[in-house]
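Asks: just the structure for this:
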Amino acid sequence: MKYDFEGRVALVTGAASGIGRATAVAFAASGAAVVVADLDATRGEETVVLAKAAGGRAVFQRCDVSAAADVEALIARAVNEFGRLDFAHNNAGINSLAADEWESKHWDRSVGVNLTGVMLCMRAEAAVMLTQGNGAIVNTASINGLVGNASQPAYTATKHAVVGLTRHGALRWARKGIRVNCVCPGVIDTPMVEGVAARPEIRKIMENMTPLGRFGQPEEVAAGVLWLCSDAASFVTGHPLVIDGGATAD
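Replies: Have a look, this model is predicted:
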């Protein structure tokens, strides 16, 4: 579905690839001006090109979401460039699939990006939206924010925390015109997953873990993000929207 976001401004972190890129392009295709944020400048600029090709205005801002100064500069760029901030998709995150997350360096980095990064973004985004009297924030959690994961303590803990932080924000700003929700994707066909599913037999096993029998596409998650930001979801806040092909249904 295509929304009319003409005159609106959207911010997407982790937008150099995967779900973030798909969301940035979808916002642009719906008429929004988009601020594309990521650590990867090369692929971030590629997303800008795709967003412009989709019909929207877009700029890139390099940002480490775990660094407060970077986040403040990012929000300032959005306001200075486009005059306001209507939608924010806090999507940046890491998944240390090949690491032992019990090790402090991996744990600290996961918490810094996946949780503190979301908090810093929400704090700065809400400050702008409060002056406007409206706005919509969508965080990227995971189905591992709703169920357990035996192999990834940091990822599971941080994604559970993102769901909790989302609910807190929804309650905190409910009477201030700001809605806060999150998406909880299952296995999505992104560069992060491709590294794990490079071998056909592994990919098949992962596909069979999902009742629909396939990986989700980034655009399918982006569709959920745009809906949560749209007026069609005007009575929805504090909600973890599961987009997982039925993985958590049993």
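
Asks: make it CA atoms for all contacts and neighbour counts henceforth
Replies: Fine.

Asks: quick check: longest helix of this structure.
Replies: If you go by DSSP state H, the chain has its longest helix at helix 153-172.

Asks: and the contacts of that helix?
Replies: 94-96, 101-102, 106-107, 110-111, 114-115, 118-119, 139-142, 144-146, 148-149, 178-182, 237-240 (C-alpha atoms under 8 Å, 6 or more residues apart in numbering).

Asks: helix or strand right after the lowest-mean-pLDDT helix or strand in the chain?
Replies: When each helix and strand of the chain is scored by mean pLDDT, DSSP states H and E, helix 191-194 comes last, with a mean of 71. Next helix or strand after helix 191-194 toward the C-terminus (DSSP states H and E): helix 200-208.

Asks: following that next one, which helix or strand comes up?
Replies: helix 218-229.

Asks: how much space between Ser142 and Val221?
Replies: 11 Å (C-alpha to C-alpha, to the nearest Å).

Asks: ditto for Leu228
Replies: Counting by C-alpha to C-alpha - Leu228 and Val221 are separated by 11 Å.

Asks: how about Gly117?
Replies: 20 Å.

Asks: what does Pro153 give?
Replies: With C-alpha to C-alpha as the criterion, Pro153 and Val221 are 24 Å apart.

Asks: what's the answer for Ala33, then?
Replies: For Ala33, the distance to Val221 - C-alpha to C-alpha - is 20 Å.

Asks: again with Arg84
Replies: From Arg84 to Val221 the distance is 25 Å (C-alpha to C-alpha).

Asks: any low-confidence regions in the protein?
Replies: By pLDDT under 70, the low-scoring segments of the chain are 98, 193-199, 202.

Asks: can you pull out the helices in it?
Replies: In the chain, helices defined by DSSP H lie at 18-29, 41-53, 68-82, 104-110, 117-132, 153-172, 191-194, 200-208, 218-229, listed in chain order.

Asks: specify the angle between the second one and helix 18-29 in degrees.
Replies: Spelled out, that is helix 41-53. 30 degrees (axes from the mean of the first three to the mean of the last three C-alpha atoms, to 10 degrees).

Asks: again, but for the third one
Replies: Orientation of helix 68-82 against helix 18-29 (the same axes, to 10 degrees) gives an angle of 20 degrees.

Asks: just the angle for helix 68-82 relative to helix 117-132, thanks.
Replies: Using the same axes, to 10 degrees: helix 68-82 against helix 117-132 is 40 degrees.

Asks: determine which stretch of the helices of the chain is the most buried.
Replies: Counting by mean count of other C-alpha atoms under 10 Å, helix 18-29 has the highest mean neighbour count of the helices of the chain, with a mean of 28.

Asks: by contact count, what packs against that helix?
Replies: In terms of contacts (3 or more C-alpha pairs under 8 Å, 6 or more residues apart in numbering; DSSP states H and E), helix 18-29 is packed against strand 9-13, strand 33-38, helix 41-53, helix 218-229.

Asks: got those as CSV, with distance to Asn208 columns?
Replies: Output for the helices and strands packed on helix 18-29, formatted as CSV (distance: least, C-alpha to C-alpha, whole Å):
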stretch, distance to Asn208
strand 9-13, 30
strand 33-38, 32
helix 41-53, 31
helix 218-229, 19
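
Asks: which one of the ones you listed lies closest to Leu130?
Replies: Of all the helices and strands packed on helix 18-29, the one in closest proximity to Leu130, counting by C-alpha to C-alpha, is strand 9-13 (14.9 Å).

Asks: may I see the buried residues of the closest one?
Replies: Val9, Ala10, Leu11, Val12, Thr13 (16 or more other C-alpha atoms under 10 Å).

Asks: I'd like those laid out as JSON lines, including distance to Ala54.
Replies: Listed next are these as JSON lines, based on distance: C-alpha to C-alpha, whole Å:
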{"residue": "Val9", "distance to Ala54": "15"}
{"residue": "Ala10", "distance to Ala54": "15"}
{"residue": "Leu11", "distance to Ala54": "16"}
{"residue": "Val12", "distance to Ala54": "16"}
{"residue": "Thr13", "distance to Ala54": "19"}
